[in-house]
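Trainee: Here you go, sequence then predicted model.
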Amino acid sequence: MHLVVLAIVVVLILIGPSIWVKSVLQKYSSPADRYQGTGGELARHLLDRLGLDHIGVETTEVGDHYDPVAGIVRLTEDKFSGRSLTAITVAAHEVGHAMQDRDAFAPLRWRTRLIAAAATGEKVGAGLLVVAPVAGLLTRAPVTALIFAAGGLLSLVSVALVHLVTLPTEFDASFTRALPILEGGNILLPGDEPHARRLLTAAALTYVSVALMSLLNVGRWLAILRR
């Protein structure tokens, strides 16, 4: 019974941040027409005002982000075309990353490299875990399967750690870059500042929620391997 309760608590800890982030983003997505301009228009306006007219703005289906390699701010359709507080704030957050790139902000460069490595590591880890039982059967040596499984689990854990170490970069984009622009540029409507702060926190914690969900994925694989 104690193990069941502990397992439930662990799962809640791992999925809690993700639920909170999604709920905050969803809460301030309405009213959908709160602002006159869209998130995409604000991103374009801010980039031009900051002398970053060479940075593009486009829609994406894989989550809001700034691509420092291509030099593009990418927003999901609801943020790009939306006029909600969420759309405006998330757009400003991603422009914050473009500002980091302009300033040669070292943590952003490290994050770019680490996330690229993490994407590869996640694929390798999953592949090793899938191959582990087969390797054990072919070699008739249980230790071979254990080595493959251990390598796979370590790869997945490293993915979670990579996402966690990006947190300072995210908070810098939110509160050192985006918030002063939103406050000083008379962009936010009266009374929206505290809500924008919550949204900027949620935007910064997005990668943390991804990291924790990655750990949950590790737990799922462990449960499979024990069977």
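Mentor: The structure has been received and is ready for your questions. Residues are numbered from 1 along each chain as shown.
Trainee: Go ahead and confirm residue 46 touches residue 180.
Mentor: No: in this structure, residue 46 is not within contact of residue 180 by Cβ atoms under 8 Å, at 11.6 Å. Bear in mind the C-beta positions are built from the backbone N, C-alpha and C, glycine included.
Trainee: Counting neighbours, what do you get for residue 20?
Mentor: Look at residue 20: counted by other Cβ atoms under 10 Å, it has 15 neighbours.
Trainee: need the contact list for it.
Mentor: Counting by Cβ atoms under 8 Å, 6 or more residues apart in numbering, residue 20 makes contact with 202, 205, 209.
Trainee: who wins for most neighbours among those?
Mentor: Neighbour tally across these (other Cβ under 10 Å): the maximum, 24 neighbours, falls on residue 202.
Trainee: Helix or strand for residue 32, just tell me which one.
Mentor: Following DSSP states H and E, there is no helix or strand that holds residue 32.
Trainee: how near is the closest residue to it other than its chain neighbours to residue 175?
Mentor: Leaving aside its chain neighbours, residue 32 sits nearest to residue 84 (5.3 Å; criterion: Cβ to Cβ, 6 or more residues apart in numbering). Using Cβ to Cβ, to the nearest Å, one gets 21 Å for the distance from residue 84 to residue 175.
Trainee: between these two, which one's more packed in?
Mentor: Using other Cβ under 10 Å as the criterion, residue 84 and residue 175 rank with residue 84 on top: 23 against 16.
Trainee: any low-confidence regions in this protein?
Mentor: Counting by pLDDT under 70, the chain contains low-confidence residues at 1-14, 117-159, 163, 210-227.
Trainee: where do the strands sit along this structure?
Mentor: 56-60, 65-67, 72-76 (DSSP state E).
Trainee: Comparing residue 46 and residue 180, which residue is more hemmed in?
Mentor: Neighbours were counted for residue 46 and for residue 180 using other Cβ under 10 Å; residue 46 has more, 25 against 12.
Trainee: mind listing what the more buried one touches?
Mentor: Applying Cβ under 8 Å, 6+ apart to residue 46 gives the contacts 91, 92, 95, 181, 185.
Trainee: at 6 Å what do you get?
Mentor: residue 95 (Cβ atoms under 6 Å, 6 or more residues apart in numbering).
Trainee: How about residue 79?
Mentor: Counting by Cβ under 6 Å, 6+ apart, residue 79 touches 39, 64, 87, 90.
Trainee: 8 Å instead, please
Mentor: By Cβ under 8 Å, 6+ apart, the residues touching residue 79 are 39, 40, 64, 86, 87, 90, 91.
Trainee: Could you identify the most distant pair in these?
Mentor: Pairwise distances across the contacts of residue 79 (Cβ to Cβ) peak at 13.3 Å, for the pair 40 and 86.
Trainee: These two - which one has more neighbours?
Mentor: Between residue 40 and residue 86, counting by other Cβ under 10 Å, residue 86 is the more crowded of the two (26 against 20).
Trainee: ok, the residue nearest to residue 32 to residue 113 distance?
Mentor: 33 Å.
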